[in-house]
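> what shape does this take:
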Amino acid sequence: MTEPISAAISAQIVAAKAAHGGTRDDIAAAARAAGAPKTFTASALRNLEIGRRAPSVDELLWLSTALAVPVRQLLGEHAELFGHDAYRPPRCGAVEDATRAAVEDLGELTGRQGALAELAYALAADIDGSGEKRQPAQLARALTDTLAQLWLLQAAPTEEDDDLGAE
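Here you go, the predicted model:
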């Protein structure tokens, strides 16, 4: 049996804090800047780290921002229990829906990837719409270029990740 989810999250908070290099005071201040209340102090962070209490969803979001890591990283080995389905607006057209599905398959996006994904969604929505601002061919080219940039930012697979590697 694996450890409880809250214990795994506590361990991930400790690991992310160590990788970040900030003090508890620094991280608590960054969490407050991300929306945490004034009561989220170094002491409150310590209570999460030692497992005295489990973090709330809000605290995970604030800590994710403060530690500059995806929320899923803080979930540790249990991240897959929560899935990674991206939100899809209720009225996506076929191109936008396909674009969102393709980007979703990339998993967690970091840094510039998020901005490129949002641009790709907007271009796809324009293609699905009337495309009044630009011609459909221009939109399709812009979408293809944007998706190519997004894919290039993905890390190259390691030998361990490569199912086609020699055994």
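
> gap between A120 and L81?
Remark: distance between A120 and L81 (CB to CB, to the nearest Å) = 28 Å. Backbone N, C-alpha and C define where each C-beta goes, glycine included.

> between these two, tell me which one has more neighbours.
More crowded of A120 and L81, by other CB atoms under 10 Å: A120, with 23 against 8.

> next up, the contacts around the more buried one.
Each residue near A120 by CB atoms under 8 Å, 6 or more residues apart in numbering is listed here: T99, V103, L143, T146, L147, L150.

> for the closest residue to the last one other than its chain neighbours, give me the pLDDT.
Looking back up the chat, that one is L150. Counting by CB to CB, 6 or more residues apart in numbering, L150 lies nearest to L116, which is 4.4 Å off, once chain neighbours are set aside. According to the predicted model, the pLDDT of L116 comes to 85.

> ditto for D163
Residue-level confidence at D163 comes out at 50, pLDDT.

> what of P90?
At P90, the pLDDT value in this model is 54.

> roughly how far does L48 sit from E108?
As for L48, its distance to E108 is 22 Å (criterion: CB to CB).

> before we move on, what about A34?
Counting by CB to CB, the gap from A34 to E108 is 18 Å.

> those two: who's more crowded?
Summary of the neighbour comparison: A34 and E108, criterion other CB under 10 Å, with A34 having more neighbours (16 against 13).
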